[in-house]
Structure formats: C-alpha cells, structure tokens
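Asker: just the structure for this:
(one chain, ligands or ions: 3)
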Amino acid sequence: MIIVLIGYMASGKTSLGKKLAEKLNYDFIDLDDFIEEKEKSSVSEVFKTKGEIYFRKQESFYLKELLKDNSNIILSVGGGTPCYSNNMELILNADDVTSIYLKASISTLASKLIKKKAKRPLIAHIETEEAMEEFIGKHLFERIPFYSQAEIKVIVDNKTKDDIVEDIILELF
Ligand SMILES: Nc1ncnc2c1ncn2[C@@H]1O[C@H](COP(=O)(O)OP(=O)(O)OP(=O)(O)O)[C@@H](O)[C@H]1O
Ligand SMILES: O=C(O)C1=C[C@@H](O)[C@@H](O)[C@H](O)C1
Ligand SMILES: [Mg+2]
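Answerer: Ligands and ions are numbered 1, 2, ... in the order given. Have a look, this model is predicted:
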C-alpha cells in the first residue's frame, strides 16, 4: 500500500511521514527530495533556473512513476502537488493508495513558515508574520478544494508529532 501525505507547506508531511514509516515499517519517500535527486538540483534552484512550470511538469512525472510502485510506502508529496495537472485524480484513482490531508490552521502554518521560508521559493520573499498569514489564507482558499478530496483528514494543530501519528494510524486501520 502507498499512503500519500498531502497538505500545505510546513503542515508536517516530511517529518510525520518519516515517523509514520518507522512505526509501520514502510519505506519513506519525500517527493521534493526525490525530485532533487533526479534533477540533481534543489527545489529552489529548479524554480530559479528552469521555472515553476518545469518543476510542476517534473513533479507530476515523478508522482506518476512513484504511484506505480507496489511496495509499502509512505509518500510525502509537495505542498502544491495535489493542486496541479491531474495529480489529485491520479492519487485518488491509483490502486492500493490511500490519501491523508494534514490539516493545519493559517496561524499554525504562518508561525512555522516565517522562520523556515528560505527553502520554499513561493514564500521566501514574505517579510512579516502578518503578511505570511494573508498570503497563506489566499493560497489555502485555492488549494483546499484539492486537499479536501483526500480520503482521510487529520487535524495537526496543537498536537505533538507522536499524537498525530497515532491519530493517523487510528484512521487507517
Ligand atoms: N506537530 C508538530 N509539532 C511540532 N513541530 C512540528 C509538528 N509538525 C511538524 N513540525 C515541524 O514543522 C516544520 C515543518 O514540517 P515539515 O518539514 O515536516 O513540513 P512539510 O509539510 O514537509 O513542508 P514542505 O511542504 O515545505 O516540505 C519542521 O521543522 C517540523 O519538525
Ligand atoms: O506549496 C508548494 O507549491 C510547494 C511546496 C514544496 O513542498 C515544494 O514542492 C515547492 O517549494 C512548492
Ligand atoms: Mg516536506
């Protein structure tokens, strides 16, 4: 089975994905890391040198490739992955794939992202937490229709990583 973790930047896809994989004894793949390896370049560098449209094309290509795998994998995708091309449809229709939306509030996301924005090209230019909240609010308005198609939704606000992993396992099995 492939368990796909989706959600906004900093919702916890990578860190919770690693923990969940350890707990379930699944392999762990992070789509952003996978793209960086394949492209031999960081996500920020790909955005800068080849542009976002190129990144989205490669993201969709590698997602398709990974969804064909029939081993047990926790796949953390990028924050934008479900919202481009027919990616969410592919995730929902692939065999033996379950999708989980890690749902975080605007303030949870903004307080994390204001400190960790350097590696995230879409928000690297935002200076204050207030401006970050405004940006995230508008961005989520566009993205929630995609994220909320996930089969399972788990709220992550004010919970420890271990508690969230437990919640995910309860929902899954
Ligand atoms: N429940 C939590 N409690 C405390 N810290 C958390 C929690 N979830 C995630 N974090 C921390 O928040 C930061 C962002 O998490 P992470 O990198 O896993 O998000 P992401 O969804 O993979 O983001 P991106 O889309 O940018 O790759 C990390 O430093 C992580 O350790
Ligand atoms: O939310 C997004 O669109 C992105 C999130 C990251 O995971 C990376 O995939 C990239 O920075 C774009
Ligand atoms: Mg990540």
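
Asker: for this structure, just list every one of the helices.
Answerer: 13-24, 31-39, 43-50, 52-67, 87-93, 106-113, 129-147, 161-172 (DSSP state H).

Asker: so which of those gets nearest ligand 1?
Answerer: helix 13-24 (3.3 Å; Cβ to the nearest ligand atom). C-betas here are computed from N, CA, C, even on glycine.

Asker: which residues does the closest one contact?
Answerer: 3, 5-7, 26-28, 30, 32-33, 72-77, 79, 102, 156, 161-162, 164-165, 168-169 (Cβ atoms under 8 Å, 6 or more residues apart in numbering).

Asker: try it again with 7 Å
Answerer: Contact with helix 13-24 is made by 5, 7, 27-28, 30, 74, 76-77, 102, 161, 164-165, 168, as judged by Cβ atoms under 7 Å, 6 or more residues apart in numbering.

Asker: any idea of the angle it forms with helix 31-39?
Answerer: 100 degrees (axes from the mean of the first three to the mean of the last three Cα atoms, to 10 degrees).

Asker: report whether helix 13-24 contacts ligand 2.
Answerer: No - Helix 13-24 does not reach ligand 2 (Cβ under 6 Å from any ligand atom); its nearest approach is 7.6 Å.
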